[in-house]
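**Q** Need a 3D model of the sequence below.
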Amino acid sequence: MASRTDAGGERTTSVKIVRTNDQRVIIDSPIKGSTDVLVITPTKVSVIDRGDIFPLTDTDVTETLDAFGFLGVIDLAFARYVLVATKRVLTATIQAHKVWKITGTAALLVGPTENTNDYDSKTDPASLLTVVSASTKVVAALKAKVVDEQGLAKIALDKELLDGLFKLLNSGNIFYCENYDLTMSVQHNLFDKCKEQKPAKTVLDDRYHLNRQLQFALYQNEGSAIIPAFAPWEFKVILGFVGSIEVLIPLPDDKNPEITVNHKYMVTLVSRISTRRLGTRYVLRGLDMNGNAANSVEMEQIVFHNDFRTEKFMSSFVQVRGSAPAIWTQTLDLSYRPNMTIANTQDTTVWNSIAAHLSDLRDQYVFEKGWIEVMPNGEESDADDSWNEESGKVICVNLLDDKGFEGPLTRTFAEVTKRFSDSRVQYEEFPVNKYCKKMNFRNMEILISRVRERLNVNGFFVAEGEVTTLSGHSILRPRRLQTGLARVSCLDSLDRTNLTCTLFARHVLPYQISAIVNHSAGVADDSPTLRLIRKVLQNTAAPSPFTSLWADSGDSISILYAGTRALKGDVTRTGQRQWLSGSVEDGMNAVTRYYLNNFTDGHKQDVYDLVSGQADPAKLAVLAQTEGLRRARHLQRPILPQPGDGSLVSAVVPSLIINIVEPFLQNAREFARDALESHVRKPSAVRRSSLGGPKVKREHVDDDGTPLSYVGLAVTSLKLYAPPQVVGLLQFTIAMIVFLYVFLLVKLFGVPGEHVVDRPRLGNYIRAGEGVLGEGALMVTGKEAAGSKSSKKKQR
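**A** Modelled structure (predicted):
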């Protein structure tokens, strides 16, 4: 599972996992020579001596596999599952530590989460997951009384949710390091792992630990401390991006300054997405009630010499991005720019959330005056030398437009930072679309000139030695602390934001390398070394490996939040707009986002909620009795002959045709049954009352997405053929055709768009018109401009 020397000894690279027929999953200890095993049952997790379990006979074992790490445990509607990482690819290094990208995972079914009569206890419950893959298998299982309809409903839902989980876990956006904690920056790792002393003010927590909730059983009931007996199986992963590049810098030779020697420096970028408000583009905007921002990402640029054991200095620079610091939302309704609702900041609950967010930002990278890192050799750090009275600023960079649709959010952003009234939290407004009209992105240098001095004063972490390991072992001597933070945001905190973060990182990179070259904490602007490095980096051909690294990171974050690669990626990579190719690619990505956000993000959000622990168990149970039961009945009672049932029709008609037509027929049959049950005889849009009264407009689709008319049937049937992802021209074409027809029906017949879009089913979210987003909130329509007569406060 790992190769580090903590938790009791040297660790192995992988472990063997055994699933038994008595509903246990047994995971070997990754500590070489240990006789402990982790045993997971449907109701508990424990550590047992392997002698109390082994040997097992062949009949006792139902499944075995090797895994690189134990991701955690998840309880779904039918059963508990153990998630493990089975495939990986080397993607980066941090000094001697390898960073791996997870590319393959597996789920081992432990057993039902509760005592149930839904299935035959003599049957291996894992085999039931394959039953729901075909109607013929479902019919056979029901006939043999292996499982009943309620059990099938839960299993069908589990299968759907597991498919979504695998899509995320195998996406190539999850990373781990065997003996270094990727969930924290280098500076925070040093603070957190120091056993002798902790910093007084710096916030240290597990917000970037993706599988913290999945590994809940390994931790104390209160706090984040792991139970010592479970420590060997702790396996921390992050969601986001990690990559490394080499930068060649020709420097004067130490012995003969007239000769230049190429020095290799490694630049590793780690982008960590916070799990506290993990979600998709329109489902989660702004802050939650605890001050956690949507799409919150910490980006760390780590620089070290390729020969780091000889050239021991290294550096780290951190900045963050996140949704605008207010409680606001946009309700999906098939419109290209959904209406925005901004909560009244005078509301005490709302203001407390905003204040908590800004306070948290201020306390993440604070100068710890008087804090001294006690090194293993007893020496004292000189990190205090990095302090001056200007240290510890948070630069809130707002890239939103100052007018039009984004104007009200910009004004709210400015107002709350002013009201917060803390000199360490500063506001910088730079409407990119205003300054960079006609694709003139060279004007971004205006922003750099405004914040340059503050970025330099905030500084970056500089240290000598090797980074702190998971066990706390460190020979890292800090020379300078990063004492402030740049927080960058736009509407999505994706495209404009990634371009800006790249420019900030490019500005700081020469300082980082110069500090390593000069073995110093600080670098003067007139330093010959700094000027030389700047010149070398500026003369690098575009696109450079550095800008490509940041563009790749931006693409990963964008895919996870919005579904496509980042817009303006060509500007990030090359520094200028590629008029034809860049515009066409941005256009296709924008349209694809539009489709995915409306038709697939609800199910994607369900997966995020499951992983981050935000899923409501009660909603999961309800979902099993509604959508799960509906799917089970469709499988149980197919309309068309199914492939493999031995009928003449199934032998003659291609299975592709059957699979295309069957969902529509099932939807139509369900609609007809519901219509009869509710005595709806006239599925027209309007009808007259029996007394000859005025026309009463009927809903075509209810709030749960159930069709109430022929128009609603057409809309919901079209949605059945919406591709769950858009990869390649064929899926793009199908997606656009489906979306176009649905959009036309919605507009022609007045179907509420919010009843048609794909909404999350497992989390609890405040919608526009509810709670603090109700009375007193500011409503901004997609067509409104700031200051126009139509901008108004809408009372609900």
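
**Q** Could you pull up phi and psi at Lys98?
**A** phi -90, psi 140 (degrees, to the nearest 10).

**Q** contacting residues around it?
**A** Neighbour list for Lys98: 90, 92, 177-178 [criterion: C-beta atoms under 8 Å, 6 or more residues apart in numbering]. Just so you know, the C-beta spots here come from the backbone N, C-alpha and C atoms, and that holds for glycine as well.

**Q** ditto for Val110
**A** 19, 23-25, 40-42, 73, 79-82.

**Q** Using neighbour counts, trim those to the buried set.
**A** Buried by 16 or more other C-beta atoms under 10 Å: 19, 23-25, 40, 42, 73, 79-82, out of the contacts of Val110.

**Q** export the residues you listed to a markdown table and tack on secondary structure, distance to Ile302 and pLDDT?
**A** Shown next, in a markdown table, are the buried ones among the contacts of Val110 (DSSP: H, G, I helix; E, B strand; the rest coil; distance: C-beta to C-beta, whole Å; pLDDT from 0 to 100):
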| residue | secondary structure | distance to Ile302 | pLDDT |
| --- | --- | --- | --- |
| Arg19 | strand | 39 | 96 |
| Gln23 | coil | 44 | 92 |
| Arg24 | coil | 41 | 96 |
| Val25 | strand | 36 | 97 |
| Ile40 | strand | 35 | 97 |
| Pro42 | coil | 42 | 93 |
| Val73 | strand | 32 | 97 |
| Ala79 | strand | 41 | 94 |
| Arg80 | strand | 38 | 96 |
| Tyr81 | strand | 35 | 97 |
| Val82 | strand | 33 | 97 |
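
**Q** Nearest to Ala144 among the residues you listed?
**A** Ala79 (19.8 Å; C-beta to C-beta).

**Q** residue contacts, that closest one?
**A** Here Ala79 is in contact with 42, 109-113, 125, 158 (C-beta under 8 Å, 6+ apart).

**Q** if we go to 7 Å?
**A** Contact partners of Ala79, counting by C-beta atoms under 7 Å, 6 or more residues apart in numbering, are 109-113, 125, 158.

**Q** what pLDDT, on average, does the helix or strand containing Lys747 get?
**A** Assessed by DSSP states H and E, Lys747 sits inside helix 729-749. Per-residue pLDDT over helix 729-749 has a mean of 95.

**Q** what residues does it touch?
**A** 334, 592, 595, 599, 685, 700, 711, 714-715, 718-719, 721-723, 725-726, 751, 753, 756.

**Q** Check these for burial and list the buried ones.
**A** Buried members of those, counted by 16+ other C-beta under 10 Å: 334, 592, 595, 599, 685, 700, 711, 714-715, 718-719, 722-723, 726, 751, 753, 756.

**Q** from the contacts of Lys98, which is closest to Arg442?
**A** Ala92 (30.9 Å).

**Q** count of neighbours near that closest one?
**A** For Ala92, the count of nearby residues is 24 (other C-beta atoms under 10 Å).

**Q** Only whichever of the contacts of Lys98 are buried, select them in PyMOL.
**A** Remark: buried members of the contacts of Lys98, expressed as a PyMOL selection using 16+ other C-beta under 10 Å:
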select buried, resi 92+177+178
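
**Q** Let me have the contacts of Lys98 in TSV, extended by distance to Arg11, pLDDT and secondary structure.
**A** TSV is the format used below for the contacts of Lys98 (distance: C-beta to C-beta, whole Å; pLDDT from 0 to 100; DSSP: H, G, I helix; E, B strand; the rest coil):
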residue	distance to Arg11	pLDDT	secondary structure
Leu90	18	97	strand
Ala92	20	97	strand
Cys177	13	96	strand
Glu178	8	92	coil
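
**Q** Max pairwise distance over the contacts of Lys98: which two?
**A** Ala92 and Glu178 (12.9 Å).

**Q** My understanding was that Tyr219 contacts Ala231; is that so?
**A** No. Tyr219 lies out of contact with Ala231 (C-beta atoms under 7 Å); the separation is 10.4 Å.

**Q** Now do the helix or strand harbouring Ile533, average pLDDT.
**A** Using DSSP H and E, Ile533 sits within helix 528-538. Helix 528-538 shows a mean pLDDT of 89.

**Q** Next SSE downstream of it?
**A** Remark: after helix 528-538, the chain's next helix or strand is helix 545-562, criterion DSSP H and E.

**Q** For Val536, see how far away His755 is.
**A** Per C-beta to C-beta, to the nearest Å, His755 is found 58 Å from Val536.

**Q** These two: who's more crowded?
**A** The residue with more neighbours, out of His755 and Val536, is His755; 22 against 16, by other C-beta under 10 Å.

**Q** The more buried one reaches Thr706, doesn't it?
**A** No. Using C-beta under 7 Å, His755 makes no contact with Thr706, being 9.1 Å away.

**Q** In helices, which of the contacts of helix 729-749 appear?
**A** 592, 595, 599, 711, 714-715, 718-719 (DSSP state H).

**Q** hmm, which two among these are most spread apart?
**A** Farthest pair in those, by C-beta to C-beta: Thr592 and Val711, 26.5 Å.

**Q** Other residues contacting the strand or helix carrying Asp158?
**A** Element membership for Asp158, per DSSP H and E: helix 149-169. By C-beta under 7 Å, 6+ apart, the list of residues contacting helix 149-169 from outside reads 76-79, 102, 105, 107, 118-119, 128-129, 131-132, 138, 603, 606-607, 610-611, 623-625, 627-629, 631-632, 636.

**Q** Could you say which helix or strand holds the nearest residue to Arg452 once chain neighbours are set aside?
**A** Leaving aside its chain neighbours, Arg452 sits nearest to His507 (6.7 Å; criterion: C-beta to C-beta, 6 or more residues apart in numbering). Secondary structure assignment for His507, by DSSP H and E: helix 495-518.

**Q** Arg487 now?
**A** For Arg487, the element it lies in under DSSP H and E is strand 485-489.

**Q** what distance separates that strand from the centre of its chain?
**A** 18 Å (C-alpha atoms, centre = their mean, to the nearest Å).

**Q** Then stretch 419-427?
**A** 29 Å.

**Q** send the alpha carbons of that stretch over as CSV?
**A** C-alpha atoms of stretch 419-427 as CSV (Å, rounded to 0.1, in the frame of the first residue of the first chain):
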residue,chain,number,x,y,z
ARG,A,419,-17.5,45.6,5.9
PHE,A,420,-15.1,42.9,7.2
SER,A,421,-12.8,45.8,8.0
ASP,A,422,-9.5,43.9,8.4
SER,A,423,-6.3,45.4,7.0
ARG,A,424,-5.0,41.9,6.3
VAL,A,425,-7.9,41.2,3.9
GLN,A,426,-7.7,43.4,0.8
TYR,A,427,-10.0,43.7,-2.2
